[in-house]
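Mind looking at a prediction? Sequence and model below.
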Amino acid sequence: MDGRLDTLQQRLGHRFAQPRLLTRALTHRSYGTDHNERLEFLGDAVLNLAVSALLFERFSGSDEGDLTRVRAHLVREDSLHRVALSLGLPEVLRLSDGEARGGGAQRPSILADGVEALIGGTFVDGGFDAAQALVRKLFGDVILATETDNWRKDAKTELQEWLQARRHQVPSYRIAATRGQAHAQTFEVECAVPALGLAQQGEGRSRRSAEQEAARRMLEALKASDKPGGPLGS
């Protein structure tokens with residue numbers, strides 16, 4: 001185990017001055033009372049702050065909404081799961097025999113929690129600079145390679161949130177028509193907001209793509225109407 005912990009610390013780029021913190025960060029609650037949940041709690045907050053700082057630095061021209069969306073994608077469970085696998089956490093996590101037999105070492109939620117606990121442990125062991133350096137090592141390449149446009153909301157989600165923010169009912173979608181053979185159909189979908197008496201149509205090679213196009217057109221129409229002087233504007 002010691003050799004594997006040495007390898008892990010090399011991958012982290014941080015050697016723990018207090019080895020017990022590393023051990024605790026890798027200990028699931030099923031293993032014993034000195035487990036990693038408190039470090040996970042702390043690591044979650046440190047991770048959000050460190051990623052926020054990196055995004056603030058990387059995307060100097062982006063607004064709060066864009067930065068928030070990118071951060072949410074970076075710190076969600078599946079992203080942390082991938083980081084855990086790259087660090088080799090399944091081989092070093094301490095689990096009860098029952099949890100281990102049940103595949104706990106491969107469970108995304110447990111692995112994601114382990115990454116957060118390691119970040120929290122690094123913060124306690126070496127301070128924020130050490131934790132920030134770790135987060136930069138784990139997420140820096142992804143942040144450099146990404147663009148905020150990659151994480152924009154799809155049209156249906158944005159339309160629903162736009163309407164809910166103004167206390168309108170969510171839109172409805174229905175297939176208005178289909179054209180072509182079964183293997184190459186084109187769908188026409190209507191997006192309607194009955195409370196506002198509005199409807200827009202979209203076309204696509206699948207029902208989903210047609211719904212997205214209809215939602216995009218509806219959103220454009222609503223935003224235009226919501227401007228001062230428009231039917232919905234004040």
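Now that the structure is in, tell me what you want to look at. Predicted model only: the values in this text are computed from it and were never measured. Residues are numbered from 1 along each chain as shown.

Quick check: can you list the domain ranges of this structure?
Split into domains by automatic domain parsing, the chain comes to 2-151, 155-225.

Going along the chain, name the strands of this structure.
172-179, 186-193, 198-204 (DSSP state E).

The last one pairs with which strands, parallel or anti?
Counting by DSSP bridges, the strands paired with strand 198-204 are strand 186-193 (antiparallel).

Buried residues of the partner strand, list them for me.
For strand 186-193, a neighbour-count test (16 or more other C-beta atoms under 10 Å) marks 187, 188, 189, 190, 191, 192, 193 as buried. Just so you know, the C-beta spots here come from the backbone N, C-alpha and C atoms, and that holds for glycine as well.

just how off-centre is it within its chain?
Distance, stretch centre to chain centre, for strand 186-193: 29 Å (C-alpha atoms, centre = their mean, to the nearest Å).

send the alpha carbons of it over as CSV?
C-alpha atoms of strand 186-193 as CSV (Å, rounded to 0.1, in the frame of the first residue of the first chain):
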residue,chain,number,x,y,z
THR,A,186,-38.1,14.7,-41.3
PHE,A,187,-40.1,15.8,-38.3
GLU,A,188,-42.1,19.0,-37.9
VAL,A,189,-42.7,19.9,-34.3
GLU,A,190,-44.7,22.7,-32.9
CYS,A,191,-43.7,24.5,-29.7
ALA,A,192,-46.6,26.3,-28.1
VAL,A,193,-46.9,28.6,-25.1
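
Just the residues contacting that strand, thanks.
Outside strand 186-193, the residues that touch it by C-beta atoms under 8 Å, 6 or more residues apart in numbering are 159, 163, 168-169, 171-180, 198-207, 209-211, 213-215, 217-218, 222.

if we go to 6 Å?
171-180, 199-204, 207, 210-211, 214-215, 218 (C-beta atoms under 6 Å, 6 or more residues apart in numbering).

Now, of these, which are buried?
Buried, going by 16+ other C-beta under 10 Å: 171, 173, 199, 200, 201, 202, 204, 210, 211, 214, 215, 218, out of these.

Tell me the pLDDT of the closest residue to the fifth one other than its chain neighbours.
Leaving out its chain neighbours, the residue that sits closest to residue 201 by C-beta to C-beta, 6 or more residues apart in numbering is residue 190, at 5.3 Å. According to the per-residue confidence, residue 190 scores 97 in pLDDT.

how close does residue 190 get to residue 218?
Per C-beta to C-beta, to the nearest Å, residue 190 is found 10 Å from residue 218.

Name whatever forms a beta bridge with the residue nearest to residue 201.
Beta-bridge partners of residue 190, as defined by DSSP bridges: residue 174, residue 201.

tell me the pLDDT at residue 62?
84.

how many neighbours does it have?
16 (other C-beta atoms under 10 Å).

Look up how far residue 96 lies from it.
44 Å.

Next: residue 210.
50 Å.

helices and strands around the longest helix belonging to the chain, which ones?
The longest helix of the chain (DSSP state H) is helix 108-145. If contacts are counted by 3 or more C-beta pairs under 6 Å, 6 or more residues apart in numbering; DSSP states H and E, helix 108-145 sits against helix 19-25, helix 37-58, helix 77-87.
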